[in-house]
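Chemist: What would the 3D arrangement of this be:
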Amino acid sequence: MKRTLFILFFLIFSSYSYSQNILKGRVIDESGNPIELTTIVLLNPTDSTLKHFGVTNKDGYYQIKAVKNDSYLLQFSYVGMETSTDMITVDRNSPSDLGDKKMIPSALEEVIVVAEIIPMQFKEDTLEYNTKAFTTRPGASVEELLKKLPGVEVDESGNIKAQGEDVTKVLVDGKEFFGNDPKIATKNLSAEALDKVQVFDKKSEEAEFSGIDDGIRDKTINLLLNEKHKNGYFGEIKAGYGTHDTYKADGKIYRFSKTVQSAFLGMSNNINEFDFTHRGDNQYGQQIKGLNTSYAGGLNLSYSNGKTNRYFLSYLKNSNKKDLLETTESENFVNENIYYQDQEVDEMEKDKPNNIDFGLRHNFDKNNRLIIDGDLTNAKNTLERLVNTNTELNSSKVNNLINDSENIGDELSFDSRISYISKLKGDKLQFKITTNLDYEKDESNLDWINDITIFYSEDITVQNTSFHRNNFTEVNSFMTSPAIVVQLNKLWSVDGGVRISKTNRELSRIEASVSSNNEVDNSFEFKTTYVRPFLSFRRVTNKVYANISFEFHNMNTEKLLNESSYGIMKHSYFLPRLYYRNNYASGRKLDISYRTNYRLPSVNQLFPIQNNLNQLNVYKGNVDLKPEYNHSLRLTWTVFDQFSFTSFYVSLRGNYSKDNISWSQSIDDKFVRTTTPINVDGMYNFNSRIDFSTPLRKLGLDINLNSVESWSENRVIINSLENINTTLNHSLRLSFENRNRDKWRVNFGGRYTITDTKFSIADKQNYTQNSLGYFSSLGYTPSNKWNFDIKADVTNYSSQSFDESVNIPTMGASLSYFFREAEKASITLSAYDLLNKTKGFQQSSDANSLMRKEWNTLTQYFLLEFRWKFDQTNRGLRK
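Modeler: Next up is the predicted model:
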């Protein structure tokens, strides 16, 4: 396997020996002043695709490295200046210094039709890419296009980074697309539908309207459609069938115009793909439990009335059936004893969630704006589970539990946020009110049978019990926050207001023994009301944003068991917050934030009635739990060099919790475990993250380095003894990718993770766990007719607490042939798990145990898939 990976790593680079050159120069205006952020690109003369590029610095200088011997279109472009294009030939005899390039202002009064392609331009705070300059294979998604854009990175899971920062929003023509999941747009829209891709820092909706900066920024990608795909319908259908009766089918239909956006998505498969973001696909680094059959459908509608008013709605329906077989080996310690448990799980789960996401942005006039966002979810779930657990001490049986259960659940949730802004005196004085309405309901009916055998001395005790339980939880929450915003001067503004909230959480449980017909009915309520006056001061300049705010939290809580009150408790908290952002130079940013908050215990944590579902692992809530008070400090430093497209990101974060909600365990001589949540002091955690990426132009590679360090200290009580559980985790990932991906696409690298866990009451159980992995992928598109992809991954898990290390190699490949006009149709043969070695595996630990799990998952199959693209424009239906 390693030999195969080695071949894939270096196959494309074995003949990398061409000549390379450097081009440099300076860009000035008519007065001889340097022009910063001018883009200089070398284009293929045949199709104007991007080959090499550079950007001028503040002194107007640029440098383009690793230019191959060839003929190019040399293009200079800057907003407000005429674009200049010249044919040049680069070889060892051509000059490297191109001297000064004088840019001439555009004649705005003239209408000039230019057929040139400008690959990318800096427009104020926006970096814009022209998709025509970046070639993609036929049928490529937006995600594949993004991987080719300088300064944009996409990892194996589809997460996007741009200019060194995580992308949190993806818009289509400036509008929301299927809610807040960026991957739905990038994985489902076709790259050929796009004209431009914009990258920028988006302000909040409130700040864009009010003109008063609230400091909120979301790294955003806006996908601008080309004119053809704004006129009529377009989409595609896919259908595939394979060995072991595997299948896959999906369809997409889109219609976009200046005022209306609509999209319909549908899919079905039994190859462990759950939804439209392919979260279940093992090739994205996910280990999926069980064998899953999934169905999903989605509808997205958006209507815009002018530049400021828009209304949107999306609906997603999913259905998933999972068959799971799982085994767990655990090593547990209590006092001076170590006992072992083996568990086998046979599970069948059916999950059917439905989600509606909606919102509107409406300006009544230039001074009044209404913003509404809402989400409605309904989910039905059926879970049939058979669990067999054996416990041993000193190689002797202690107990055995066979638990057979069926649970039918029905969940409904609704949350909404309504914000109204009114400018009373323009930008000087504004009134804002925000209201949140939230509702949750979860009802489940559980039937279970427990067969327990206890081996104690020479006696063997056998118990058989059957129960039925109806569990009902409900949450009603209302919060409103009126505030006044005052712009004191050009630099300072102040917010003042109050947050008023009332929440009622209820848990009702009816439990009956089938054999005795005894019924126990208990209900528990947790009521909270609070008043939180707040004051916030903001200072804003061109580069610096600073905010300091204070909240004074006065809260009343009441707990009732079977309508009997434990009394009303009063809580007071002072919640200071500080945020500072400094864009001290172009592409350089420093962020510092400190915040405090509190977390209330859940009703399940408070419910003081014993839960006997698993009679060897009993749970009981604690009605005396107090809220958890948290301090969080974070520092981030972001560097993005737009001249070399090098990015560097550092994040440091620390947290401390007072009255942290942890838990206490008591384990008796028959190894029956009883767990209760408790408050403890002194929970700490710290983590750091470093991301670095840069092009290695001489090697024709992009390099990405990611390092994560985390440390945590948690306290739990085990048989009245305090156990301090300390975990130190180190993670390193290094990957390389070729820069010229017109025909060949190569990615390879490795990852290494070390987890060091220590237990204060059981030093002998301290352990270190290692995970080492290698990965590679190779893609080849020789023409518009053919495409080939192969991916390989191998992961090794080892631990000093387990005798054997585990190796899991995976390999998959696909071959596609495109035909019909403009490659509208294709046939793809794909192979999954070519080595037939895939399996589900996990090693983990908690406060007093080490665990190793294995489960069934999708293994080797071959699938033949047919794909058909269609569009209907003003020229009629074309297939």
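Chemist: In contact with the residue most central in space within the chain, which residues?
Modeler: Centroid check for the chain by C-alpha atoms, centre = their mean gives N159 as the closest residue, at 6.3 Å. Counting by C-beta atoms under 8 Å, 6 or more residues apart in numbering, N159 touches D166. Using the backbone N, CA and C atoms, a C-beta is placed for each residue, glycine as well.
Chemist: In the stretch 351-500 of the chain, where is pLDDT below threshold?
Modeler: Low-confidence segments of the stretch 351-500 of the chain (pLDDT under 70): 456-458.
Chemist: Where do the strands of it begin and end?
Modeler: For the stretch 351-500 of the chain, the strands defined by DSSP state E, counting those that start in this stretch cover 368-393, 396-423, 429-456, 459-487, 492-513.
Chemist: Also the stretch 501-650 of the chain?
Modeler: 519-540, 544-561, 564-585, 588-599, 617-619, 628-641, 646-658.
Chemist: Select, out of the ones you listed, the one closest to N354.
Modeler: strand 519-540 (28.1 Å; C-beta to C-beta).
Chemist: name the helices or strands packed onto the closest one?
Modeler: Packed against strand 519-540 by the contact rule (3 or more C-beta pairs under 8 Å, 6 or more residues apart in numbering; DSSP states H and E) you find strand 492-513, strand 544-561, helix 603-606.
Chemist: got a markdown table for the ones you listed, with distance to S396 too?
Modeler: Shown next, in a markdown table, are the helices and strands packed on strand 519-540 (distance: least, C-beta to C-beta, whole Å):
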| stretch | distance to S396 |
| --- | --- |
| strand 492-513 | 32 |
| strand 544-561 | 41 |
| helix 603-606 | 35 |
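Chemist: ok so E192 is a strand residue?
Modeler: No - going by DSSP: H, G, I helix; E, B strand; the rest coil, the assignment for E192 is helix, not a strand.
Chemist: quick one: contacts for it?
Modeler: Here E192 is in contact with T136, A140 (C-beta under 8 Å, 6+ apart).
Chemist: hmm, back to that, out of the strands of the stretch 351-500 of the chain, nearest to M851?
Modeler: strand 368-393 (12.9 Å).
Chemist: Okay, buried residues for that closest one please.
Modeler: Residues of strand 368-393 classed as buried by neighbour count (16 or more other C-beta atoms under 10 Å): 369, 371-379, 381, 383, 385, 387-392.
Chemist: Let me see the domain layout of the protein.
Modeler: As assigned by the TED database, the chain contains the domains 18-114, 124-226, 240-325, 362-681, 702-855.
Chemist: okay, these, which one's buried deepest?
Modeler: Ranked by mean neighbour count, these are led by domain 124-226 with a mean of 19 (mean count of other C-beta atoms under 10 Å).
Chemist: Start and end of that domain, how far apart?
Modeler: 22 Å (C-alpha to C-alpha, to the nearest Å).
Chemist: cool, and stretch 167-182?
Modeler: So stretch 167-182: terminal residues 8 Å apart, C-alpha to C-alpha.
Chemist: Not counting that stretch itself, show me its contacts.
Modeler: 160-161, 183-186, 189, 202, 218-225, 256, 261, 263, 276-277, 298, 300, 302, 304, 310, 312, 314, 316, 355, 357, 359, 375.
Chemist: ok, now which ones touch the nearest residue to K65 once chain neighbours are set aside?
Modeler: Once flanking residues are discounted, K65 sits nearest to R697: 4.5 Å by C-beta to C-beta, 6 or more residues apart in numbering. Applying C-beta under 8 Å, 6+ apart, we find R697 in contact with Q20, K65, A66, R739.
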